[in-house]
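Engineer: got a predicted structure here, sequence first:
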Amino acid sequence: MPPPPQQDHHPEHLTLDTLPIEILHKIFVYVGPSENNLPLVNRRMYSILYFSGVKSLEPWYNFTVFESIVDRYYLCDLNSRIDVRVIRKKIEYYSRQIRAIQQRFPNCAENRGFVNLVEDLTVIRTTLESFVSRAHVVLVDMLQFKYVSVDLLKTLNTRRAKADAGYMPIKSSQEIQLLQKLRLKFLRTKFKELGDQLRDTTKALTSEDQSLDTPIDTTDPGDEQDPEIKYYDDENFPTEGFFWSTSEQYTRVQDGHVVFNEGFETLEKLAFGRARIPDHYFTRSIYSSRHYNVLVFLTRHLVFGTIDGPGVMGSILDILENPDAYVTAYWPRLNEVVDVVIKSNDTQNKFTETLSRLFRLYNACMNKDYSVMKYQHAKDFPNLVARTMTALLKYFFENAPSADEKRQLWITAMELKNIHITDLLREFDDTPDYDILHRFV
C-alpha cells in the first residue's frame, strides 16, 4: 500500500526582520566589530543593536551585547599557557617534601639551603596567585571602537577585574604574547630551581645525620605527584616587536630570591611592539569631550609606549589652521592636550617642522580680529597658540637639537619678520648664525 500523499507545507519566510532579538544579538556578536553594518540595515535593526558609550540610563541599553564583543575579540588571558591545576599540584608536592624534611630533621631551619627552599616555594605560590588575580588584559585594538568612553572602560573593569587589582591593563598583541610566554617560563625555571634546592638540601641534611634509615623522595619529572609543565617551542625565541634584551628582564632579585619582574614589558618605551594610544584620541580631544576624557584616563591610570609626537601635532595643526570648521572645539583644552603629546613623544622625534608651522600660524593670528569670530573662546585663540608654541620650543631645546634644526627655526622666524617670535626664540637660543642674520637684515 503506497504512503499517503504528504501535505504541502509553506514555512514562514525568514528574514533579518523576522528573527528574534536574541538571535540578532548573537549574529551581531559573531560578525564582530570590524565593518559590522548590521545596525544600518534599517530602523528596526538600528533600534535593536543601538549602543552608546555614554551611560545615560540604568540598565545600560545593550551593554551586555557590547560586553560579549569585548569578551570574544578584545579580552585576553595572560595565563592561557599556564595549567593552574598542574602548578598547584607541584606546589603541593614540594610542600609535602618540606613537611617530610621538617619531621625527619628537627633542626633543618638552621640549614640555609632549607630556608631558601621554603622561601622560594613561597615566591612561586604568591606569584601564581598574582598571575591568577591579574589574568585578563584588554587588547589595545578596542580603543579603535567608536563607542569607547571612560564610563565604558570603568564598567568593564568593574565586571572583569578584582577590586584590589587596579584597572585592567591595555596591551598590544605582542605584549600579550610576551607575557604569556614569560609567565610560564618563570614558573618552569623557578620549579627547576626548587628541584635542585630540594635535592641539594636533602643530600646536605642526610650527610649531617647518618642515622636516617628512610630516604626522602626527590623530585622526579615523571612523578604524577610532580607533573611536568608543558613546554612551547617559541618560549626561548624573541617576541616580534621587542628586542631580546626585553625578554631577559622578566626576572629581578628581591631579598636574595629571583622573582617575577612585574611590568618589565613596559621598560622599553620605544619598542615597536608596545601598545600605544591611537592618534585620534589626541586630535579629537580638541573638539570632543569624550575623547579628551578617555585620553586623560588612559594617561593617568595606564602605561603605553611612546608616540610620534610631530605626526600627532601635524593633525592638531590641521585643526588649528582651520578653526571655523570645528564649531564644537574647546580651545582652552589645547594646551593640556599638547602637554600630553609632549610627555608621550619619543624624544628621537623632533618638532622642527611643527614649530615652523606654529610660527606661521601665530603670525597669521596676529593679523586677524578674533573678537568677531563666532566659535567659542575665539578671542583666546592667539594666546593659546602662543602657549603651545612656547611649550614646544622649551621641549625642543631641552632635547639637544642639531645646529641645522635650530637654523631652520631661525630662518622661518626671520622670514616672518615677527618680533614676538624672534624675541621668544632668543629666550632659548641667543642669536642666529651670522649668515642668517645678515640675510634678513
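Structural biologist: Yep, that arrived. Numbering: from 1, shown residues only.

Engineer: and the helix or strand hosting R99, what does it pack onto?
Structural biologist: Using DSSP states H and E, R99 sits within helix 84-104. Applying 3 or more C-beta pairs under 8 Å, 6 or more residues apart in numbering; DSSP states H and E, we find helix 84-104 packed against helix 112-133, helix 173-208. Heads up, the C-betas are built off the backbone N, CA and C, glycines and all.

Engineer: for these, which one ends up most surrounded?
Structural biologist: Stretch with highest mean neighbour count among the helices and strands packed on helix 84-104: helix 173-208 (a mean of 19; mean count of other C-beta atoms under 10 Å).

Engineer: I'd like the next helix or strand past it.
Structural biologist: helix 244-247.

Engineer: what's next to that following helix, contact-wise?
Structural biologist: Residues from elsewhere that reach helix 244-247 (C-beta atoms under 8 Å, 6 or more residues apart in numbering): L178, L182, P238, T239, F264, E265, L267, E268, A271.

Engineer: distance of T122 relative to T283?
Structural biologist: Remark: distance between T122 and T283 (C-beta to C-beta, to the nearest Å) = 49 Å.

Engineer: actually A400, sorry about that
Structural biologist: Remark: distance between A400 and T283 (C-beta to C-beta) = 28 Å.

Engineer: sorry, back to before: now the angle from the helix holding R99 to helix 173-208?
Structural biologist: On the basis of axes from the mean of the first three to the mean of the last three C-alpha atoms, to 10 degrees, helix 84-104 is oriented at 20 degrees to helix 173-208.

Engineer: okay, the angle between helix 84-104 and helix 112-133?
Structural biologist: Using the same axes, to 10 degrees: helix 84-104 against helix 112-133 is 160 degrees.

Engineer: can you point out the buried residues in helix 84-104?
Structural biologist: By 16 or more other C-beta atoms under 10 Å, the buried positions in helix 84-104 come out as I87, K90, I91, Y93, Y94, Q97, I98, I101, R104.

Engineer: mean confidence for it?
Structural biologist: Average pLDDT, helix 84-104: 95.

Engineer: and that helix, how far out from the chain middle?
Structural biologist: How far helix 84-104 lies from its chain's middle: 37 Å, per C-alpha atoms, centre = their mean, to the nearest Å.

Engineer: please renumber so the chain begins at 11
Structural biologist: Okay, using 11 as the starting number, the last item reads as helix 94-114.

Engineer: tabulate the CA atom coordinates of that helix in PDB.
Structural biologist: What follows is helix 94-114 as a C-alpha-only set of coordinates in PDB (Å, rounded to 0.1, in the frame of the first residue of the first chain):
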ATOM      1  CA  VAL A  94      46.900  26.200  37.000                       C
ATOM      2  CA  ARG A  95      45.900  22.700  38.200                       C
ATOM      3  CA  VAL A  96      49.400  21.400  37.300                       C
ATOM      4  CA  ILE A  97      51.100  24.300  39.100                       C
ATOM      5  CA  ARG A  98      49.000  23.900  42.300                       C
ATOM      6  CA  LYS A  99      49.800  20.100  42.200                       C
ATOM      7  CA  LYS A 100      53.500  20.800  42.000                       C
ATOM      8  CA  ILE A 101      53.200  23.400  44.900                       C
ATOM      9  CA  GLU A 102      51.500  20.700  47.000                       C
ATOM     10  CA  TYR A 103      54.200  18.200  46.100                       C
ATOM     11  CA  TYR A 104      57.000  20.400  47.300                       C
ATOM     12  CA  SER A 105      55.000  21.400  50.400                       C
ATOM     13  CA  ARG A 106      54.900  17.700  51.300                       C
ATOM     14  CA  GLN A 107      58.600  17.300  50.800                       C
ATOM     15  CA  ILE A 108      59.300  20.300  53.100                       C
ATOM     16  CA  ARG A 109      57.000  18.800  55.700                       C
ATOM     17  CA  ALA A 110      58.800  15.500  55.500                       C
ATOM     18  CA  ILE A 111      62.100  17.200  55.900                       C
ATOM     19  CA  GLN A 112      60.800  19.100  59.000                       C
ATOM     20  CA  GLN A 113      59.600  15.800  60.500                       C
ATOM     21  CA  ARG A 114      62.900  14.000  60.000                       C
END
